[in-house]
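In: Predicted coordinates and the sequence they were generated for:
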Amino acid sequence: MTRTPQTLPTPLPVYDHRSGTGPTLVFLHYWGGSARTWDLVVDRLAGRDLLTLDFRGWSRSSALPGPYTLRRLADDTLAVLADAGVTDFVLVGHSMGGKVAQLIAATRPAGLRGLVLVGPGPARPAAEITPEYREGLSHAYDSDESVAGARDHVLTATELPASIKSRIVTDSRASADDARTEWPLRGIAEDITGHTRRIGVPTLVVAGENDRVEPADVLRDNLLPYLSEADFVVLPHTGHLIPLEAPAGLVEAIVAFAPVS
């Protein structure tokens, strides 16, 4: 089932809800991604109850007005869950979506069973996230060519099929201007350690062995200390785009952490 803003009294992000056995796995995409970033993952989860969404300002939700702050994306996600009638769920957040997932979990919503953070933005920004770095990052998706450069030299550590490489370019460019710059200029530098400390559910942190965006060592130092109950797994060979580079390994980790109840 796909729900669009036009069908709702209060515009919400577009989402897809596939009915199945629970708990519901709720997938939150990275900066530049979309609901379909998770296709290779959800295709391996036949029979599971699944929800994917396009964050406000991105892909099918690109026309929704701002602000596009992390807290707004967190509030949107909770509203989508209510609209979909999801009451028993595990959040699976990738990169920016992982930081949004931490903010959601910090509110301790009813029905939240656990958290899977995939190459997530850490609670405490790394020392490398300087104003100069953020300004440069804000232009990474300015053109198809710049997206391709970021994809091939920063985001990935494996060779992807041409169709997936093209999808990454399309999705990275399919955003409102302010949504595209919100994460690099502000969200990535936001310290949410106070929120992350309030998370009260089991958490699995998944890192990519060759991730240059959120390296495993950064996650060990800048995220794990703020989680009271967390397991940590490093997937071999993959870069930052774990859902596209290592979907089978990611599914194995998710299923082991959140089996069918």
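Out: Thanks, I have it.
In: which stretches of the stretch 151-261 of the chain form strands?
Out: Secondary structure of the stretch 151-261 of the chain (DSSP state E, counting those that start in this stretch): strands at 203-208, 230-235.
In: which one of these lies closest to Glu214?
Out: strand 203-208 (7.2 Å; CB to CB). Where C-beta positions appear, they are placed from N, C-alpha and C, glycine not excepted.
In: From the contact counts, what lies against the closest one?
Out: strand 112-118, helix 216-222, strand 230-235, helix 242-245, helix 247-257 (3 or more CB pairs under 8 Å, 6 or more residues apart in numbering; DSSP states H and E).
In: can you tell me which of the strands of the stretch 151-261 of the chain comes nearest to Arg186?
Out: strand 203-208 (23.3 Å).
In: Report the inter-axis angle for that closest one versus strand 112-118.
Out: 10 degrees (axes from the mean of the first three to the mean of the last three CA atoms, to 10 degrees).
In: Do me a favour and average the pLDDT over the lengthiest helix in the chain.
Out: Assignment by DSSP state H gives helix 70-84 as the longest helix of the chain. The pLDDT scores in helix 70-84 average 98.
In: who touches it?
Out: Contacts of helix 70-84 with the rest of the structure, by CB atoms under 8 Å, 6 or more residues apart in numbering, involve 3, 8, 10, 12-13, 15, 17, 26, 28, 51, 53, 55-56, 66, 89, 96, 99-100, 103-104, 107, 109, 111, 187, 190, 192.
In: residues in contact with Arg197?
Out: Tyr226, Ser228.
In: Report the angle between the next helix or strand after the longest helix of the chain and helix 247-257.
Out: As assigned by DSSP states H and E, the chain's next helix or strand after helix 70-84 is strand 89-94. Strand 89-94 runs at 150 degrees relative to helix 247-257, counting by the same axes, to 10 degrees.
In: phi, psi of the residue nearest to Ser95 when sequence neighbours are not counted?
Out: Among residues not flanking Ser95 along the chain, Tyr30 sits closest, at 3.5 Å (CB to CB, 6 or more residues apart in numbering). Phi and psi for Tyr30, reported as degrees, to the nearest 10, are phi -80, psi 170.
In: before we move on, the earlier item: just the C-alpha atoms of the longest helix of the chain, please, in PDB.
Out: This file holds the C-alpha atoms of helix 70-84, laid out as PDB (Å, rounded to 0.1, in the frame of the first residue of the first chain):
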ATOM      1  CA  LEU A  70      16.000  16.000  11.900                       C
ATOM      2  CA  ARG A  71      13.300  16.600  14.400                       C
ATOM      3  CA  ARG A  72      10.800  17.300  11.700                       C
ATOM      4  CA  LEU A  73      11.700  14.100  10.000                       C
ATOM      5  CA  ALA A  74      11.400  12.300  13.300                       C
ATOM      6  CA  ASP A  75       7.900  13.800  13.900                       C
ATOM      7  CA  ASP A  76       6.900  12.900  10.300                       C
ATOM      8  CA  THR A  77       7.900   9.300  10.900                       C
ATOM      9  CA  LEU A  78       5.900   9.000  14.000                       C
ATOM     10  CA  ALA A  79       2.900  10.500  12.200                       C
ATOM     11  CA  VAL A  80       3.300   8.000   9.300                       C
ATOM     12  CA  LEU A  81       3.400   5.100  11.800                       C
ATOM     13  CA  ALA A  82       0.200   6.300  13.300                       C
ATOM     14  CA  ASP A  83      -1.400   6.800   9.900                       C
ATOM     15  CA  ALA A  84      -0.400   3.200   8.900                       C
END
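In: for that helix, the distance to its chain's centre please.
Out: Chain-centre distance of helix 70-84: 13 Å, with CA atoms, centre = their mean, to the nearest Å.
In: go on, stretch 200-215?
Out: 11 Å.
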